[in-house]
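Q: Could you work out the structure for the sequence below:
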Amino acid sequence: MASTSEVGHAKNIANLNLLNTNIIALGATYNPSNPKLLLPNLQTIYTTSFTQQASVNNLVAPYSVAVDEREVIFKPLNRELTKLRKAYKATEGVTQVQLEDFMTIIRKLKGIKKSKDNPSTDPKDEQDSYSTSQMSYDQRTNTMDLLISLLQNTPNYNPNENEYKIATYQAKKASMLVKTQAVADTFIPLNNARSTRNTTLYNSEDNLVDTANKAKDYLFTILDASSAQYKAISKIKFKKR
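A: All right, here's what the predicted structure looks like:
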């Protein structure tokens, strides 16, 4: 998931390198009056953005692993809680009020919604999307405390099966805390790297996309529209997401 979201950024960077290669082939013919469109500046933008994208790529894997490992803990929870409800209901002396309290907690534990991918290049949007998802997992982890407390304070709740024991859910809570924190720890450097990359590609005054498109505009003023070079360069696209 995370790796595919980087494809569009990498394409813009690769296309700048391709544009620079075409400009090199033109030699002295390429001579814009705007210094920001000169080849050395375009090459600097390419080198900077390539390095920044490489930094993002290196940080995507640890974050993706952390998210996957958190999902291993949380994904089976709904099915496990359904079975736990039956074990709780079968406990001697459980009242209707206790069962209603139990179900209230279960509904909170099951309440998380899958977050949607956010294609925005705005670092604030990415941060907000992450924060909403992280808060949902934090809330579920906190709600696990309520479940454990209810089980501990239910007379006669002492199942023989390990999967329903209080100690098992205490261990689940500990794993939730560890895995949720790991996601937070790996997201922060990744988000910072994306923010830096996005500034270079899209958000700075002389960002890659705008500068490259201006260089293309200049190229179209010096090339014959029927030439092979013109047609090749016209196919090189730079897009903001």
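Q: all helices of the chain, in order?
A: All helices of the chain, identified by DSSP state H, fall at 7-26, 39-74, 77-89, 96-109, 123-152, 166-198, 208-222, 228-234.
Q: in the shortest one, what's buried?
A: Within helix 228-234, the residues that count as buried by 16 or more other CB atoms under 10 Å are I233. All C-beta spots, glycine's among them, are computed from the backbone N, C-alpha and C.
Q: For L81, see how far away I106 is.
A: 5 Å (CB to CB, to the nearest Å).
Q: ok, how many other residues are close to E163?
A: For E163, the count of nearby residues is 11 (other CB atoms under 10 Å).
Q: shift numbering so it begins at 3
A: From this message on, residue numbering opens at 3, which makes the last subject E165.
Q: That one and E94: what is the separation?
A: Distance, E165 to E94, by CB to CB: 19 Å.
Q: worst-scoring helix or strand of this protein, pLDDT-wise?
A: Ranking every helix and strand in the chain by mean pLDDT, DSSP states H and E puts helix 125-154 at the bottom, with a mean of 80.
Q: Flag the shaky bits of this protein, pLDDT-wise.
A: Regions of the chain meeting the criterion pLDDT under 70 cover residues 3-7, 113-135, 137.
Q: same thing but at 80, please
A: Low-confidence segments of the chain (pLDDT under 80): 3-8, 113-137, 243.
Q: got the contact list for L210?
A: Going by CB atoms under 8 Å, 6 or more residues apart in numbering, L210 touches N14, I15, L18, I47, Y48, S51, T202, L203, Y204, F240.
Q: What residues does the second one make contact with?
A: It refers to I15. I15 makes contact with Y48, S51, F52, Q55, L203, L210 under the criterion CB under 8 Å, 6+ apart.
Q: Let me have the helices of the chain in a markdown table, adding distance to S35 as columns.
A: Converted to a markdown table, the helices of the chain look like this (distance: least, CB to CB, whole Å):
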| stretch | distance to S35 |
| --- | --- |
| helix 9-28 | 15 |
| helix 41-76 | 13 |
| helix 79-91 | 63 |
| helix 98-111 | 64 |
| helix 125-154 | 34 |
| helix 168-200 | 29 |
| helix 210-224 | 9 |
| helix 230-236 | 19 |
